[in-house]
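1. Got a sequence here, can you build the structure:
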Amino acid sequence: DKLKGIAAPGGADTGLKEAVEKTLAEPVIEDITIINAGKKNKADIPAGYEKIDGDLNEGAGGDYIYFAVKRGTDASRAINGLAVVSGKNDKAAAPAGFEKLGMDLNKGAGGRYIYLCIRRGKENAIRDIKVVSASKANPPAPAGYTMIPQDLNEKAGGKYIYLCYC
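-> So this is what the prediction gives:
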């Protein structure tokens, strides 16, 4: 009997090749959500997601806001690009090819309207993110990470908050 999805030497069945291409060896970030923990810092993290340390409104008042990520090995769901957009209102548009996530990262703190945008693709998938909090602008990124040069607390006061990824 021939097993479906298993390629035999010299056979035309490409099911195994497609499965291998779709699955990555190392976990990647398949999804990012934004958690609003309110003024009391209480929030339910969705099943399958991991909360990333770092209140995005640290020192600025407002709601406690966090990122949460879902990790997996499905290349077709991998996030391979992050961008941050800001504006005077909620109309800031995502860059071409990106999807804007719906929650203002400065929610309840005033300042600029700031949104995270994601892009999906299996090339150069993002494996981890970190939130960096500093008392001065443009702190160094953790070793091996790239920092997005946008203060997530822009014009809200408080700490300088940056998103880093690798």
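2. Quick check: buried residues in stretch 54-67?
-> By neighbour count, with 16 or more other Cβ atoms under 10 Å as the criterion, the buried positions of stretch 54-67 are 54-60, 62-67. Yep, even glycine has a C-beta here, placed from its N, CA and C like the rest.
3. nope, stretch 99-108 is what I was after
-> 100-101, 103-108.
4. and if you look at stretch 116-135?
-> For stretch 116-135, burial by neighbour count (16+ other Cβ under 10 Å) applies to 116-120, 125-133.
5. got it, and stretch 75-90?
-> 75, 77-86.
6. starting at the chain centroid, how far to that stretch?
-> On the basis of Cα atoms, centre = their mean, to the nearest Å, stretch 75-90 sits 7 Å off its chain's mean C-alpha point.
7. average model confidence for it?
-> Averaging pLDDT along stretch 75-90 yields 94.
8. one step back: now render the buried residues of stretch 99-108 as JSON lines, adding secondary structure and pLDDT.
-> Listed next are these as JSON lines, based on DSSP: H, G, I helix; E, B strand; the rest coil; pLDDT from 0 to 100:
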{"residue": "Lys100", "secondary structure": "strand", "pLDDT": "97"}
{"residue": "Leu101", "secondary structure": "coil", "pLDDT": "97"}
{"residue": "Met103", "secondary structure": "coil", "pLDDT": "93"}
{"residue": "Asp104", "secondary structure": "coil", "pLDDT": "94"}
{"residue": "Leu105", "secondary structure": "coil", "pLDDT": "94"}
{"residue": "Asn106", "secondary structure": "coil", "pLDDT": "90"}
{"residue": "Lys107", "secondary structure": "coil", "pLDDT": "89"}
{"residue": "Gly108", "secondary structure": "coil", "pLDDT": "86"}
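9. which among these gets closest to Ile45?
-> Of all the buried residues of stretch 99-108, Met103 has the smallest distance to Ile45: 14.8 Å, by Cβ to Cβ.
10. who's in contact with the closest residue to Asn89 other than its chain neighbours?
-> Leaving out its chain neighbours, the residue that sits closest to Asn89 by Cβ to Cβ, 6 or more residues apart in numbering is Tyr113, at 5.9 Å. Neighbour list for Tyr113: 86-90, 92, 104, 106 [criterion: Cβ atoms under 8 Å, 6 or more residues apart in numbering].
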